[in-house]
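Q: generate coordinates for the sequence data below:
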Amino acid sequence: GIGKSRLVEEFQARARDQGFDTPSGQVLDFGVGKGQDAISTLLKALFQVNALDDETQRRAAVQAAAARGLMNDDEQLFVNEWLDLPQPKQLEAMFEAMDNATRLRRASEALSSLLQRAAAVRPQLVLIEDIHWASPELLRQVAALTRAAAQAPMILLLTSRIEGDPIDKAWRASIHGSAFMTIDLAPLRPQEARLLAGGLVEASSRFALMCIERAEGNPLFLEQLLRTARAGETPGLAPAVPPTIQSLVLERMDRLAAHDRAAIQAAAVIGKRFSLLNLRGVASEPNASCDVLVAADIVRPDGSDFLFAHALIQEAVYASTLKSRRRELHQA
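A: Purely as a prediction, here's the structure:
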């Protein structure tokens, strides 16, 4: 909750102003459907595939990319896998004949080549968010992209939490000395926190100043404190301000109607990203809606799906759900 996503949004906006394309992918800890992983999402952006496109439209996008010289025949095998397209018999047999190490190496080479060719046409700012959840396979692909970025007009932008950060000495050695810079985000300074608070309440009020002090520079914590109070139309501080993000999220959940509260618990079990169809099925609520949750900025639309506004919110909702209820939802 320290502002990684906000910072990369600014990077992307400035890159677009300078003529860059900004394909991106996000690593999720769970709840990822086929074709929704970070690399698949990245390739869809590169090939201009919409999240709602069907198989015919995805295949047409691949053919268009090949016609533009973005992809060669040897890479189609991996592109089909990433875009969830059925493999022709010949390619399927080739894929099955590869051992795992060869498959991973060839996939990394294909991904790097695709992005290098795209960068030769138009500079690329490639974003992969939340690599603290990345698998060893994905980390090897990211290392290959880092090496490729050194040979093309391309910048690779990664975000990670400090806890579980995989960018260690071994990974750095694997990028073969490619230029690499880290930016550690510190807590907001008091004047920065007042600017953030000013978007929600009167920044000079006693209430805002006390929230700023309690948040200790964490922007997500500050925002949740301010939103919790605003939702209850609290003129001043409540007798006991919750000390954690989880408590703040629980206070906001308590203000929801029972059916919205049940919906958000089901969504938290599905994962950070979820579809309305899956939500209705897991919650056993055929008329469940996300309208109230979107209005409360607990979840946000993401194409045809929805995303929790922040991973910590999803984690807090999940952790607060009774274990017996979680079991029921997982079984559903």
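
Q: helix or strand: which one has residue 125?
A: Using DSSP states H and E, residue 125 sits within strand 124-129.

Q: which residues are contacting that strand?
A: 4-5, 8, 11-12, 15, 20-27, 38, 42, 115, 118, 134, 142, 145, 149, 152-159 (C-beta atoms under 8 Å, 6 or more residues apart in numbering). C-beta coordinates here come from the backbone N, C-alpha and C atoms, glycine included.

Q: state the mean pLDDT of stretch 147-163.
A: The pLDDT scores in stretch 147-163 average 92.

Q: what does that stretch rub up against?
A: For stretch 147-163, contacts defined as C-beta under 8 Å, 6+ apart pick out 4-5, 8, 11, 15, 20, 112-113, 115-116, 119-120, 123-132, 142, 145-146, 166-167, 175-176, 178-179, 184.

Q: which ones among those map onto strands?
A: 124-129 (DSSP state E).

Q: OK, contacts around the residue nearest to residue 73 when sequence neighbours are not counted?
A: Nearest residue to residue 73, sequence neighbours excluded (C-beta to C-beta, 6 or more residues apart in numbering): residue 66, at 8.0 Å. By C-beta under 8 Å, 6+ apart, the contact list for residue 66 reads 72-73, 76.

Q: buried subset of those residues?
A: Listed as buried from these are residue 76; burial here means 16 or more other C-beta atoms under 10 Å.

Q: picking that back up, can you select the buried ones from the contacts of strand 124-129 in ChimeraX?
A: Buried subset of these, written as a ChimeraX selection, criterion 16+ other C-beta under 10 Å:
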select :4,5,8,12,15,20,21,22,23,24,25,26,27,38,42,115,118,134,142,145,149,152,154,155,156,157,158,159
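
Q: only the buried residues of stretch 59-71, if you could.
A: Counting neighbours by 16+ other C-beta under 10 Å, the buried set in stretch 59-71 is 59, 61-62, 65-66, 70-71.

Q: ok, back up a step: same list as before, the contacts of residue 66 that is, but in TSV and with pLDDT included.
A: Converted to TSV, these look like this (pLDDT from 0 to 100):
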residue	pLDDT
72	88
73	84
76	87
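
Q: would you format the contacts of residue 66 as TSV with distance to residue 281 and secondary structure included?
A: Shown next, in TSV, are those (distance: C-beta to C-beta, whole Å; DSSP: H, G, I helix; E, B strand; the rest coil):
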residue	distance to residue 281	secondary structure
72	41	coil
73	40	helix
76	34	helix
